[in-house]
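Asks: sequence first, predicted model second:
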Amino acid sequence: MEKLFKLSANKTTVRTEVLAGVTTFLTMAYILIVNPLILSDAGMDFGAVFTATALSAAIATLVMAFLANLPFALAPGMGLNAFFAYTVVIGMGYTWQQALTAVFIEGIIFILLTAFNIREAIVNSIPSNVKKAISVGIGLFIAFIGLQNSGIVVGGATLVELGDITKGTALVALIGLVITGTLVAWKVRGALLIGIVATALVGIPLGVTTWAGGSFLPPSLKPTFLQFDFKGIFTIDMIVIVFTFLFVDMFDTVGTLIGCATKAEIINEDGSIPRCKEALFADAIGTTVGAMLGTSTVTTYVESSAGVTEGGKTGLTSLVVAILFLISLFLSPLFISIPGAATAPTLILVGLFMITPVKDIDFEDGTESIPAFLTILIMVTTYSIANGIMFGALSWIILKLLTKKAKEITPMMVIIGVLLLLKLILG
């Protein structure tokens, strides 16, 4: 362990790293339930996605452990799975096979971009306030999906209205929100996962939770393995889809790496992240392999900060997380039995965690605040992450041009703007 992970040099121990790994896993294990539920809305097989989720998370996190030696864990990303299911498949009418193809292409592009150090250049070209707004918008979007899936919010005469919260899934979800919210407020480790289990138990006497049964062997990957469809990959829509996957994942990963590395006190003196390129390779490889297995984009998880807080500083923390994801493969009946009502509180609270960058948005400069606001507003009200990004980026460029701040527009941002403008014009 000392030779592999250089524990002494990083002033840590095996015990500390193992505890950090367990803590990180507990805070992000909800993805094993939530990701299959979201992607099953797109028509994918729940069991196959469960297996793909666990395996892709384990593989990507192993790469992080051994290649980058950093205490960060990866799994299919929240927000990106929502974009996959609700925008690309349900909203735009593509098949889930075509959406998986877009994710696979994204992964290949990421590997190339990382190899040639281009990812950092692209990320640096996007306005800081728009980046923050994307996280906020996705957070509200995910929370809205949780409210909708549980029946707390339903369609009505005013587009949306309060559902019947006195019974069924909505009642269970509200009880679960109180339970999970209390655990989060008390800063209980694994609060989200404990909240899911507790809410599922509440659902038993109310007839919402039922035992799925089945084997404790991992569900087959056959329904989703290598299910690619390259038809239509050269259309404007597909180009925008691939770009959006790239766009959101880049900001998620780089932002998470910076935040967690700062918390772990492993940032270099010049402000750079040690072994950053290797860390970026982890999510590029994870995304490519994940698409082959049958899941949406894999990214670095902000929940890694929970393990970092417990003292995790090396890849041993990541190794522990990866092992726990592999063990979870043999607990699939437990996860499959948990209803959507039990995961709705987690979706809502993950939305809370994702909107925290709103406090860092510059609301004094109209050329920054208006695009950020439009990014958030359009994303939620049009039920589309892509639309929010489109309006935010284009409005930023237009406002900079009209206020004599054109010098702030980088050549890369011009290219991005042209692509988004083509999408708007061509539909």
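Replies: It's in.
Asks: now the strands for this protein?
Replies: Using DSSP state E, the strands of the chain run over residues 74-76, 153-156, 159-162, 298-300.
Asks: how about the second one: buried residues?
Replies: To tie it back to what came earlier, the one meant is strand 153-156. For strand 153-156, burial by neighbour count (16 or more other C-beta atoms under 10 Å) applies to residue 153. C-beta: built from backbone N, CA, C; applies to glycine.
Asks: for that strand, the distance to its chain's centre please.
Replies: Averaging C-alpha positions (C-alpha atoms, centre = their mean, to the nearest Å) puts strand 153-156 26 Å from its chain's average.
Asks: list the pairing partners of it within its sheet, with orientation.
Replies: With DSSP bridges as the test, strand 153-156 is paired with strand 159-162 (antiparallel).
Asks: distance from the strand it pairs with to the middle of the chain?
Replies: 27 Å.
Asks: and what of stretch 164-182?
Replies: 24 Å.
Asks: tell me the mean pLDDT for that stretch?
Replies: Mean pLDDT, computed over stretch 164-182, is 93.
Asks: try stretch 304-319
Replies: For stretch 304-319, the mean confidence score works out to 81.
Asks: what residues does it touch?
Replies: Outside of stretch 304-319, the residues within contact range by C-beta atoms under 8 Å, 6 or more residues apart in numbering are 1, 4-7, 10-12, 14, 16-21, 23-24, 26-28, 61-62, 64-66, 68-73, 189, 256, 259-260, 263-264, 266, 321.
Asks: again with stretch 162-180
Replies: 146, 150-154, 191-192, 194-196, 198-199, 202-203, 206, 208-209, 339-342, 344-346, 348-349.
Asks: just the ones of those in helices?
Replies: Taking DSSP state H, the ones among those that sit in helices are 146, 150, 191-192, 194-196, 198-199, 202, 340-342, 344-346, 348-349.
Asks: only the buried subset of those residues, as a PyMOL command please.
Replies: For the buried members of those, the matching PyMOL selection, counting by 16+ other C-beta under 10 Å, is:
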select buried, resi 146+150+191+192+194+195+196+198+199+202+340+341+342+344+345+346+348+349
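Asks: flag the shaky bits of the protein, pLDDT-wise.
Replies: Along the chain, the model assigns pLDDT under 70 to residues 119-124, 247-248, 251-252, 254-256, 258-260, 262-267, 269-272, 309, 423, 426-427.
Asks: are any of the contacts of stretch 304-319 buried, and if so which?
Replies: Burial by neighbour count, judged by 16+ other C-beta under 10 Å, picks out 5, 7, 10, 12, 16-21, 23-24, 26-28, 61-62, 64-66, 68-73, 189, 256, 260, 264, 266, 321 from the contacts of stretch 304-319.
Asks: among those, which lie within helices?
Replies: Among the buried ones among the contacts of stretch 304-319, the members found in helices (DSSP H) are 5, 16-21, 23-24, 26-28, 61-62, 256, 260, 321.
Asks: from the chain's centroid, how far away is stretch 136-153?
Replies: Centre to centre, stretch against its chain (C-alpha atoms, centre = their mean), the figure for stretch 136-153 is 14 Å.
Asks: how about that stretch: buried residues?
Replies: Going by neighbour count (16+ other C-beta under 10 Å), the buried part of stretch 136-153 is 136-153.
Asks: for stretch 322-336, same thing?
Replies: Quick answer for stretch 322-336 (16+ other C-beta under 10 Å): 322-326, 328-329, 332-336.
Asks: endpoints of that stretch, how far apart?
Replies: With C-alpha to C-alpha, to the nearest Å as the measure, the first residue of stretch 322-336 is 20 Å from its last.
Asks: and the contacts of that stretch?
Replies: For stretch 322-336, the surrounding residues in contact (C-beta under 8 Å, 6+ apart) are 21-22, 25, 29, 32-33, 36, 46-47, 50-51, 54-55, 57-59, 61-62, 65, 73, 75, 211-219.
Asks: contact partners for the nearest residue to residue 73 once chain neighbours are set aside?
Replies: Nearest residue to residue 73, sequence neighbours excluded (C-beta to C-beta, 6 or more residues apart in numbering): residue 321, at 4.3 Å. Applying C-beta under 8 Å, 6+ apart to residue 321 gives the contacts 21, 24-25, 28, 57, 61, 73, 307.
Asks: would you reformat those as a markdown table and include distance to residue 238?
Replies: Below are those laid out as a markdown table (distance: C-beta to C-beta, whole Å):
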| residue | distance to residue 238 |
| --- | --- |
| 21 | 38 |
| 24 | 35 |
| 25 | 35 |
| 28 | 30 |
| 57 | 26 |
| 61 | 29 |
| 73 | 30 |
| 307 | 37 |
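Asks: separation between the closest residue to residue 5 other than its chain neighbours and residue 64?
Replies: Of all residues not flanking residue 5 in the chain, residue 314 sits nearest, at 4.1 Å (C-beta to C-beta, 6+ apart). As judged by C-beta to C-beta, to the nearest Å, residue 314 and residue 64 stand 11 Å apart.
Asks: okay, and the common contacts of these two?
Replies: Common contacts of residue 314 and residue 64 (C-beta under 8 Å, 6+ apart): residue 70.
Asks: surely residue 363 and residue 133 touch.
Replies: No - using C-beta atoms under 8 Å, residue 363 is not in contact with residue 133; the gap is 11.1 Å.
Asks: between these two, which is the more surrounded one?
Replies: The neighbour count for residue 363 versus residue 133, taken as other C-beta atoms under 10 Å, is higher for residue 133 (29 against 13).
Asks: so who does the more buried one touch?
Replies: By C-beta under 8 Å, 6+ apart, residue 133 lies in contact with 357-358, 361, 371-373, 375-376, 388, 392.
Asks: so which of the residues you listed belong to helices?
Replies: Using DSSP H, 371-373, 375-376, 388, 392 are the members of the contacts of residue 133 that sit in helices.
Asks: most neighbours among those, which one?
Replies: residue 375 (31 neighbours).
Asks: for residue 134, see how far away that one is.
Replies: For residue 375, the distance to residue 134 - C-beta to C-beta - is 6 Å.
Asks: identify the contacts common to the two.
Replies: Listed as contacting both residue 375 and residue 134 by C-beta under 8 Å, 6+ apart are 388-389, 392.
Asks: any chance of these in CSV, plus distance to residue 225?
Replies: Below are the shared contacts of residue 375 and residue 134 laid out as CSV (distance: C-beta to C-beta, whole Å):
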residue, distance to residue 225
388, 32
389, 30
392, 36
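Asks: just those residues now: which is nearest residue 88?
Replies: Checking the shared contacts of residue 375 and residue 134 against residue 88 by C-beta to C-beta gives residue 389 as the nearest, at 13.5 Å.
Asks: let me know whether the closest one touches residue 244 as I believe.
Replies: Yes - under the criterion of C-beta under 8 Å, residue 389 makes contact with residue 244 at 6.3 Å.
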